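Enquirer: coordinates for the following, if possible.
(one chain, ligands or ions: 1)
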Amino acid sequence: MKRLHLFRLFALSFALGAAANIFGQQIQFIAIDYPGADADRFRSADEPSIGGLTGSSRPEAMSARLLLLLAIHAFAMSAELDRLVARAKSLVEEIRECDVVILRDPLDLLPYLLRLGYNRQVALATIAEVRHLAEFTINHHFPIFVNAGSPHTQRILRSWQEGQFPEEAARVMAADLFHEYLHAAKGREECDAIRGHLTLLKRWRDEDLLHIAGPYIEAKASELRRMGCQPE
Ligand SMILES: [Zn+2]
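Expert: Now for the predicted structure:
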């Protein structure tokens, strides 16, 4: 999985390099420079740079290269999250056709809220409220939003990319999406949504399809108790 991920990253970097070429001479050096960028990081600062990498020691060239690398990384992460969500949706019949929107930035929620009739001030307050949530719906309606930057989403993504059981990481994401589906499609309140969420996680665990979610299942069960919900 990791090797595959690295390969994708390089494929993307070359694609971006080719794109940079199209945009002309001014940024061409960044694209050509890219393969050397990694080598630069592992070379002592005193060593001369490889011939032909003109301008690579200029601070602006360095920061441009760093920005390009960061952009490539963000682009690759974003594509991986798309794949993770697509895989998760395919694992549960009910959510297969659900509208799921990945928010790369919490502020990407703004146009949705304005369209729902929120004024700007209330919309911004709502964004501040939900920015820490991994997944959520607005007033129990589709789409299901996924906050790409939330710690929970990032943890699942790392498990999907680097863990031993990427398929199980997709199941954790699928159960999260199922929770939101219960709000949006069935109008279920929190207790019912957590119960449904937990039931799905436990079913997969008992079917030997999910070994990595023990602590998560525990956390969901104690959330249910903490909220004073009826047990499953
Ligand atoms: Zn909920």
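Enquirer: residues of this protein that sit close to the ion?
Expert: Applying Cβ under 5 Å from the ion, one finds that the chain approaches the ion through 190, 193. Bear in mind the C-beta positions are built from the backbone N, C-alpha and C, glycine included.
Enquirer: remind me which residues of the chain are low pLDDT?
Expert: Across the chain, residues meeting the criterion (pLDDT under 70) sit at 1-57.
Enquirer: could you point out the longest helix of it?
Expert: Ranked by residue count, the top helix of the chain under DSSP state H comes out as helix 59-90.
Enquirer: buried stuff in that helix?
Expert: Buried residues in helix 59-90, counting neighbours by 16 or more other Cβ atoms under 10 Å, are found at 61, 64-65, 68-69, 72, 76-77, 80-81, 84-85, 87-89.
Enquirer: residue 125 sits in which helix or strand?
Expert: Using DSSP states H and E, residue 125 falls within helix 120-130.
Enquirer: which parts of this structure are helices?
Expert: Under the criterion DSSP H, helices of the chain are mapped to 2-22, 25-42, 59-90, 110-115, 120-130, 151-162, 166-186, 190-206, 214-226.
Enquirer: and the fourth one, what other elements does it pack with?
Expert: Counting contacts by 3 or more Cβ pairs under 8 Å, 6 or more residues apart in numbering; DSSP states H and E, helix 110-115 is packed against helix 120-130.
Enquirer: okay, buried residues for the helix it packs on please.
Expert: Under 16+ other Cβ under 10 Å, the buried positions of helix 120-130 are 123, 126-127, 130.
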